[in-house]
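one predicted model, sequence on top.
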Amino acid sequence: MERGKWFQRPSQRNGAAKNAAPEALWMKCPKCREIHFAKDVERNLRVCPHCGYHYRLKAVERLEMLVDPESFIEIDSSVHSCNPLEFPGYAEKLQRAQQDTGLIDSVLCGYAKIERHPVVLSIADFEFLGGSMGSVVGEKLVRAMERSLNENLPFILFTANGGGARMFEGLLSLMQMAKTSAAISRLRTAGIPYIVVLTDPTMAGVYASYASLGDVILAEPGALIGFAGRRVGNQDMGMKLPDDFQTSEFQFRSGQIDQIVTRKEMRSTLGSILTFFAGEEAEIAALA
Ligand SMILES: [Zn+2]
C-alpha cells in the first residue's frame, strides 16, 4: 500500500511549475468587472470581495483552505496514464499538464482531517487537462473509496471537470463512470457517508456518474453544473433556457443539490455534516 510522506506542494516536486506564469498584481472579476488587488482576492479565498464570484482553485489551493494543518497524506500519487490508445499528442499534453500543475493526473487523493474528523478526500484540478476523467482518475477514486470502505472513513469528493471523460482514452474513460459508480454503491451498502462538493465546472460524464451520486451534494455558488451544455440544450429542445441554466442556483431549485455553500463556510459546513454522521454512527453502535 502506498501511503506515507506528508504532502508536498507542487513547487517542491521534481520539475513542477517550471512554466508557471508570474503572479498578476491585479485581477479583474469576470462577473462584476471590478478590479482588485490580487493579494486581497487571495486573502478572501479567491472570492471577489465585491460580488462574491468564486474563482476556480487549483487542487493544492483548495486543499490548503480546507483541511486541518499538516493533516493531508497523499495516496497513490504515482499512478499515471500509459496512453493506452497511443493517441497522437496525448503523451506530450500529459507531460505539459504535469509540469504546469505539479500533479501526475487531474485528481489529488489522500487522507486528511477536516475540523478534526478523519476522512478520505479527493480534489480535482481543472488546470490539468480540464480536470477530465481518464482511467487514472477512475482508478485513483476507486482505490481511495476502497480505503474509505476498509477503514470506515467518510469520503469527500470535490469535482472540477469541464469536459467529463477524457477523449484521449476513449472508451476506457467512459468505463470509469461505471467503475466509480460501482464503488460508490459499495460505500452505500456499508453505510459510509459519501459527500460531494460540486465546483466550477462539473459537466458531462463526471456529473452523470460519481458527481451526482453523493449522499449529500453541496455546491459552490455560481458553478456551472450539468450534462450537455447550453447550446446543445437549446438545439435539442428548441426552447429558450433560463439565464442561470446549469448553474448551482438552477440545480438547487431543481432539487439536484442539497445546499449551496460559500467557500468561506465550506470547512465548517463539512465539519457539521461529519459531526452529524459521526453522531449517528455512535448511536447505531450503542443500539447494536
Ligand atoms: Zn466580482
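Received, thanks.

off-centre distance for stretch 172-180?
How far stretch 172-180 lies from its chain's middle: 17 Å, per C-alpha atoms, centre = their mean, to the nearest Å.

so what's whatever residue of the stretch 51-200 of the chain ends up closest to the ion closest to, chain neighbours aside?
Proximity of the stretch 51-200 of the chain to the ion (C-beta to the ion) peaks at residue 51, 3.3 Å away. (Each C-beta comes from the backbone N, C-alpha and C, glycine too.) Nearest residue to residue 51, sequence neighbours excluded (C-beta to C-beta, 6 or more residues apart in numbering): residue 32, at 3.8 Å.

do residue 130 as well
residue 162 (4.0 Å).

same check, this time on residue 129
That would be residue 97: by C-beta to C-beta, 6+ apart, it lies 5.2 Å from residue 129.

so where's the stretch 1-150 of the chain shaky on pLDDT?
1-23 (pLDDT under 70).

which positions in it make contact with the ion?
29, 31-32, 48, 50-51, 53 (C-beta under 5 Å from the ion).

6 Å instead?
29, 31-32, 34, 48, 50-51, 53 (C-beta under 6 Å from the ion).

you'd agree the residue nearest to residue 129 is up against residue 125?
No - using C-beta atoms under 8 Å, residue 97 makes no contact with residue 125, being 9.1 Å away.

isn't residue 230 up against residue 241?
Yes - counting by C-beta under 8 Å, residue 230 touches residue 241, with 6.0 Å between them.

contacts only, for the residue nearest to residue 51.
Residues counted as contacts of residue 32 (C-beta atoms under 8 Å, 6 or more residues apart in numbering) are 48, 50-51, 53.

reformat those as CSV; add secondary structure and neighbour count.
Below are those laid out as CSV (DSSP: H, G, I helix; E, B strand; the rest coil; neighbours: other C-beta atoms under 10 Å):
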residue, secondary structure, neighbour count
48, coil, 20
50, coil, 15
51, coil, 12
53, coil, 18
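
angles on the backbone of residue 257, please.
Dihedral pair for residue 257: phi -130, psi 140, per degrees, to the nearest 10.

need the contact list for it.
Neighbours of residue 257 in contact, by C-beta under 8 Å, 6+ apart: 198, 217-219, 225, 248, 251.

how much space separates it from residue 179?
Separation of residue 257 from residue 179 (C-beta to C-beta, to the nearest Å): 24 Å.

hmm, who's touching the helix or strand hosting residue 122?
Taking DSSP states H and E as the definition, residue 122 sits inside strand 117-124. Here strand 117-124 makes contact (C-beta under 8 Å, 6+ apart) with 59, 62-63, 66-67, 72, 106-114, 131, 137, 140-141, 144-145, 147-148, 151, 153-161, 271, 274-275, 278.
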